[in-house]
Structure formats: structure tokens, C-alpha cells
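Q: Could you look at this predicted model? Sequence included:
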Amino acid sequence: MSSTPSHPRTAAAITVSNRSSDGTREDTSGRLLVEALQAAGFEVDGPTVVPDGVETVAAVLREKVAAGHRLVVTTGGTGMGPQDLTPEGTRLVITRENPGLAELIRREGARHTPFAAVSRGVVGVVDWPQEQGPGGSLVINLPGRPSAVTEGMEVVAPLLGHVLDQIGGGDH
């Protein structure tokens, strides 16, 4: 992946989970996400653990984008449960959605389990303010199941260089 000095290769890892945020469950998915991002060549901030909720997700995404992270990946809160609101919080923040990447994650996940189809995770770009220069941050929602984090990162990692280059104004 190409990067410019003004757009370092940094990523933020976020776990969305009531039980992990209150300490009743170990954050295995966040740890695996950090490892996968590091293996993909990113300096990683996190994992940051937040409780489920539209506003908690939106707030942490805004914080990580404002910090200048080119890539922000969440794990958890993408299912069908009443507290699974990560996609709704993400949609409050992203500028442009990329359904193709989200569908690729689900399709490849279905090779491992039919439950991959239950994930409502979204992928999208948060365009940076014009005064910050061209660019933006890519936000990816992954399911909370530890194996889904590993599998999802295996799917997107080979594409990240190209996608982040495009977001930064690179040639297609």
C-alpha cells in the first residue's frame, strides 16, 4: 500500500460489546483484530472497547477519524440482536458506503459458516474536511465472533492498499 507522509499507515481497532466494556468477558476479538492489522503492516491504536449503542459507536468512530487514522475497524454489534447497533452508528459517520466490500466479507464468511449472512456490517468512507487535504478514513464493521475477525481481515487485507490509495486521491 502506498502512503504519503501526511497520511501515515495507522489503524484503529474498536470492540463494540457491553460485556467486554463492563469487564465480564475477555476481549478476544479485539486482540485478534489488532494482531491482524499489525500483520497487514499498520501501526494500531487499540483495541478501544465501547458498549453497544448507536451514539457510543458514532462517537468513537468520530474520535478515531479525527485522530487521523486512515483505517478504522470495528468488531461486534453487527448481528440481529436488539443491542446490535454498530451499523446504525457507523452510518451516522460515514460519507459514502461501499456495499461491495461488506458483501465480500459476508460472502467469504459464508464459506466458513452460514451465520455470516446474519451480519449487517457496513463498510464506508469518512471524507476528511477539505482543509485537511484530499483523503479520508475507511471504516469496516466486522462481526464479533473471533474467527469472523480473522476471516474478515484475511478478505480485506489484500485490498487495503488499493482502497486507501483511492481514498487518498490516487489513480484508479
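A: Arrived safely.
Q: Can you list the buried residues in stretch 104-111?
A: Under the neighbour-count criterion of 16 or more other Cβ atoms under 10 Å, stretch 104-111 has Leu104, Ile105, Arg106, Gly109 buried. Placement of C-beta: from N, CA and C, glycine included.
Q: how about the second one, secondary structure?
A: Secondary structure assignment for Ile105 (DSSP: H, G, I helix; E, B strand; the rest coil): helix.
Q: hang on, it packs against Ala157?
A: No. The pair Ile105 / Ala157 is not scored as a contact, 11.5 Å apart, by Cβ atoms under 8 Å.
Q: The residue nearest to the spatial centre of the chain bridge partners, please.
A: Centroid check for the chain by Cα atoms, centre = their mean gives Val73 as the closest residue, at 1.9 Å. When bridges are called by DSSP bridges, Val73 pairs up with Ala13, Ile140.
Q: ok, it - contacts?
A: Contacts for Val73 (Cβ atoms under 8 Å, 6 or more residues apart in numbering) come out as Ala11, Ala12, Ala13, Ile14, Leu33, Leu37, Val139, Ile140, Asn141, Leu142, Met153.
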